[in-house]
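Visitor: below is the sequence, then the predicted model.
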Amino acid sequence: KKLYSIFLGIILFCSFSHAEVFYVSTMGNDSNDGKSWITAFAGVQKAIDAAAAVATDSEPAQVWIAKGTYSNAGGTYDSSTKVNTAYVMRNNVEIYGGFAGTETKLDERVSGNKTILTTTGNYVFYNNYTSSASLTNTAKLDSVTIIAAYSNGIYNYHASPDITNCTISGNDDDGIFNRFSSPTISNCTISANGGSGIYNNFSNTTSSSPTISNCTISENKGHGIYNYACTKAYSFISDPFIIPTITNCTISGNGGSGIYNYSSNEAGRADMISSIIPTISNCRIFGNTGSGVYSKASARGGYFPYSNYCSISIEISNCTIFENGDYGIYNATHSSYVSSFASLSSTITNCTISGNEGHGIYNSSTSAISADDISSLSSTLTNCTISENEGVGIYNNNSSTSADSSSLTSTITNCIIWGNTSQQINNEA
């Protein structure tokens, strides 16, 4: 009897723990209740809002969208957001595409039922939130194609959704734009957008930690992934980082660099910090017009007694970086005014860097003013092969207008460096 009661309790728990589902179909109507394929909504946002009204942290709701093309509200201008109307994701709402329109379970979906979300306005998804009321990873987007936005396909501001199995292509600006946001992006194809594939932006406040895995990021007019941190404030900023994690991705054929990291700050009457900490592993980065991986920390000085600090700490492991139009890996620091400090630490392990049109690895540390103007770069290379690049295998450049205001250290262990067109290693001070 006790065993029977436990079994019955499990059955009852399971029967009441299913997420409530709202359905969308090209044959639907927004006057329906959206609770079955037969009574489906026509509007995607109608279903998202209906799901958000009943969803909780413990019981999220779902939106199922049948195959077909859906356009958001026709580009009506919204004066409060100053953008044309777009879809908005909600916490505890999971959005799934790829249905034929008859399924009763998620795992009944089969390939070939493409759900296309598009717009006549600036964005397909415009997730504009605040630091005190943010969009979390309880918001999910799965198996949709996002195309033809006049700006970004997905715009995230204090928004960190889970984006999986999506295609984001043919948008006029960036495929995905993240500011103060830490989305998880996996198993996606992000291609042929007018800007960068993914643009991670930080300015002045709030850190971002996007996670990108098992994605193909290709043929975008800008960079494949663009990480940009810039501090301009007149008050001290503590720990403002972009910390992207990029794993098992193919990044190719982009008009800029495969991955572009730029940390900078501008003169202000305050202590300022700006940092990027990328981790890149098990990736193939090739055929990009710029460098495979480009990283630069540039400090532009402050007003005495204030100081400016900008830094990059990058780790690259188990990657193949080849046949890019410029350097395989470009690392640089530059400080250009009193009380400015730029630093970069590069750790490269178990990588192959070959066939690039510039140097295999270029390390440069420069400063322009005085001993209070510090630029430092540290490069550690272990178990790598650097071969058949058009320039130097490893080029190290350390220069400044004042003694001891710039430094560069390069440590090379168990590496094969051969067949590079110019030299294998060039150290220039």
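Guide: On my side now, so go ahead. Everything quoted here is computed from the prediction, not taken from an experiment.
Visitor: what helices and strands are in contact with the host helix or strand of residue 230?
Guide: Using DSSP states H and E, residue 230 maps to strand 225-231. The helices and strands touching strand 225-231, judged by 3 or more Cβ pairs under 8 Å, 6 or more residues apart in numbering; DSSP states H and E, are strand 198-203, strand 241-242, strand 259-265, strand 272-276, strand 308-317. From N, CA and C alone the C-beta is placed, and that goes for glycine too.
Visitor: report the inter-axis angle for it versus strand 259-265.
Guide: With axes from the mean of the first three to the mean of the last three Cα atoms, to 10 degrees as the basis, strand 225-231 and strand 259-265 are set at 0 degrees to each other.
Visitor: residues contacting residue 143?
Guide: Contacts for residue 143 (Cβ atoms under 8 Å, 6 or more residues apart in numbering) come out as 96-98, 109, 115, 164-166.
Visitor: now those as JSON lines including secondary structure?
Guide: Below are these laid out as JSON lines (DSSP: H, G, I helix; E, B strand; the rest coil):
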{"residue": "96", "secondary structure": "strand"}
{"residue": "97", "secondary structure": "strand"}
{"residue": "98", "secondary structure": "strand"}
{"residue": "109", "secondary structure": "coil"}
{"residue": "115", "secondary structure": "strand"}
{"residue": "164", "secondary structure": "strand"}
{"residue": "165", "secondary structure": "coil"}
{"residue": "166", "secondary structure": "coil"}
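Visitor: looking at those, which one is closest to residue 64?
Guide: Nearest to residue 64 among those: residue 96, at 5.4 Å, using Cβ to Cβ.
Visitor: check contacts around that closest one.
Guide: With the criterion set at Cβ under 8 Å, 6+ apart, residue 96 makes contact with 62-65, 106, 109, 142-143.
Visitor: one more: residue 388?
Guide: Here residue 388 is in contact with 354-355, 419-421 (Cβ under 8 Å, 6+ apart).
Visitor: which residue packs closest to it, ignoring adjacent ones?
Guide: If the residues on either side of it in the chain are set aside, residue 388 comes closest to residue 419, at 4.6 Å by Cβ to Cβ, 6 or more residues apart in numbering.
Visitor: just checking, the one you found touches residue 387?
Guide: Yes - with contacts defined as Cβ atoms under 8 Å, residue 419 counts as touching residue 387 at a distance of 4.8 Å.
Visitor: from the contacts of residue 96, which single one is nearest residue 427?
Guide: With Cβ to Cβ as the yardstick, the closest approach to residue 427 among the contacts of residue 96 comes from residue 142, at 50.4 Å.
Visitor: how close does the closest one get to residue 223?
Guide: According to Cβ to Cβ, to the nearest Å, residue 142 stands 26 Å off from residue 223.
Visitor: out of the two, which sits in the busier spot?
Guide: Neighbours of residue 142 and residue 223, each counted by other Cβ atoms under 10 Å, are more numerous for residue 223; the result is 30 against 20.
Visitor: make sure that one is indeed in a strand.
Guide: No - with three-state DSSP as the criterion, residue 223 is located in coil rather than a strand.
Visitor: so who does residue 291 touch?
Guide: 257-258, 260, 324, 326-330, 356, 358.
Visitor: confidence score at it?
Guide: For residue 291, the pLDDT comes out at 98.
Visitor: how close does it get to residue 251?
Guide: Where residue 251 is concerned, residue 291 sits at a distance of 12 Å (Cβ to Cβ).
Visitor: got it, and residue 354?
Guide: Taking Cβ to Cβ, one finds residue 354 at 16 Å from residue 251.
Visitor: for the helices and strands packed on strand 225-231, give me a markdown table that also has mean pLDDT, distance to residue 58 and mean neighbour count.
Guide: Formatted as a markdown table, those follow (pLDDT from 0 to 100; distance: least, Cβ to Cβ, whole Å; neighbours: other Cβ atoms under 10 Å):
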| stretch | mean pLDDT | distance to residue 58 | mean neighbour count |
| --- | --- | --- | --- |
| strand 198-203 | 86 | 31 | 24 |
| strand 241-242 | 85 | 32 | 22 |
| strand 259-265 | 90 | 38 | 26 |
| strand 272-276 | 78 | 36 | 25 |
| strand 308-317 | 90 | 37 | 23 |
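Visitor: which one, of those strands, ends up nearest to residue 24?
Guide: Short answer: strand 198-203, nearest of the helices and strands packed on strand 225-231 by Cβ to Cβ, at 26.7 Å.
Visitor: residues contacting the closest one, please?
Guide: By Cβ under 8 Å, 6+ apart, strand 198-203 touches 152, 174-181, 185, 190, 208, 210, 212, 217, 222-232, 240-242, 244, 274.
Visitor: quick one, which of residue 419 and residue 387 is more surrounded?
Guide: Set residue 419 next to residue 387 and count neighbours by other Cβ under 10 Å: residue 387 wins out with 18 against 13.
Visitor: surely that one touches residue 354?
Guide: Yes - using Cβ under 8 Å, residue 387 makes contact with residue 354 at a distance of 4.7 Å.
Visitor: quick revisit: farthest-separated two in the contacts of residue 96?
Guide: So, the contacts of residue 96 by Cβ to Cβ: farthest apart are 63 and 109, at 13.8 Å.
Visitor: when the two are compared, which one has more neighbours?
Guide: Set side by side, residue 63 and residue 109 show more neighbours around residue 63, with 28 against 18, by other Cβ under 10 Å.
Visitor: quick check: next helix or strand after the helix or strand hosting that one?
Guide: Assessed by DSSP H and E, residue 63 sits inside strand 61-66. Using DSSP H and E, the next helix or strand after strand 61-66 towards the C-terminus is strand 68-71.
Visitor: which helices and strands sit right next to that next one?
Guide: strand 115-118.
Visitor: what's the mean pLDDT across the strand it packs on?
Guide: pLDDT averaged over strand 115-118 gives 97.
Visitor: could you pull out the helices for the protein?
Guide: For the chain, the helices defined by DSSP state H cover 2-15, 44-54.
Visitor: which neighbours do residue 387 and residue 354 share?
Guide: Taking Cβ under 8 Å, 6+ apart as the criterion, residue 387 and residue 354 both touch residue 360.
Visitor: where in this structure is pLDDT low?
Guide: Across the chain, the ranges flagged by pLDDT under 70 are 1-17, 73-84, 203-206, 231-240, 266-272, 301-307, 337-339, 369-373, 400-404, 429.
Visitor: swap the cut-off to 50 and go again
Guide: For the chain, the stretches with pLDDT under 50 are 1-17, 74-75, 234-236, 238, 269-270.
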